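1. give me a model of this one.
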Amino acid sequence: MAARGWSHVGLSTLDLDATRAFYEDVLGFKAVRCDILEFEEGGRIRHVFFDTGGGQLIAFMEPRGVPGIPLEYDAGINRGLGVPDAFYHFAFEVDSLEALEAKRSALIAKGIKVTPVVDHEWMKSIYFKDPNGLMLEYAWQCRELGPDDAVIQVRDRIRLRGPSPVTDFRNK
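-> A predicted model of the protein is given here:
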């Protein structure tokens, strides 16, 4: 049986209403499955799956009063681990530079801070954050990958902390 790619990515949120508004109203992803999971020991989890396209889903769980789950934690992943924002992020695919620039303009029009288009040589991307502080990306693969791309080698020098093309959210 051949693998078909990933089914879904599961994430957490402390505010499912804000998360749902962002993924539906800002990104245009449709909620396709919504559950409430109640625990016999008390508490519950609200769980929503969004269709991101291509048969792939992104899901969020919001715990409330579940024994053993903290009331507050960093749902943005990176800050809680003490690593740069780009370490854990999710990229959604677009099919052209024009589509990437249109996504950027649409995000800015909705009040979302987004980076300029970042040229990675083989891919062009824009970066922004969801209400949980999770870094998201729209990406366009601008050329085919070849054998040299599979050889691990130094290809760029970037800044780990402070302003960089991947963390500059000033809407230039």
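
2. okay, now the domains of this protein?
-> Domain assignment for the chain, taken from automatic domain parsing, gives 8-64, 78-150.

3. among the ones you listed, which is nearest Val166?
-> domain 78-150 (5.1 Å; CB to CB). All C-beta atoms are positioned from the backbone trio N, CA, C, and that covers glycine.

4. gap between the closest one and the chain center?
-> Counting by CA atoms, centre = their mean, to the nearest Å, domain 78-150 is centred 9 Å from the centre of its parent chain.

5. now the domains of the chain in a markdown table, with distance to Ile158?
-> Below are the domains of the chain laid out as a markdown table (distance: least, CB to CB, whole Å):
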| stretch | distance to Ile158 |
| --- | --- |
| domain 8-64 | 25 |
| domain 78-150 | 9 |
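
6. I'd like those domains as CSV, with mean neighbour count, distance to Thr167 and mean pLDDT appended.
-> Below are the domains of the chain laid out as CSV (neighbours: other CB atoms under 10 Å; distance: least, CB to CB, whole Å; pLDDT from 0 to 100):
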stretch, mean neighbour count, distance to Thr167, mean pLDDT
domain 8-64, 16, 19, 97
domain 78-150, 15, 6, 96
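
7. just the strands in the chain please.
-> Under the criterion DSSP state E, the chain contains strands at 8-12, 30-38, 44-53, 56-64, 89-93, 118-119, 123-129, 135-141.
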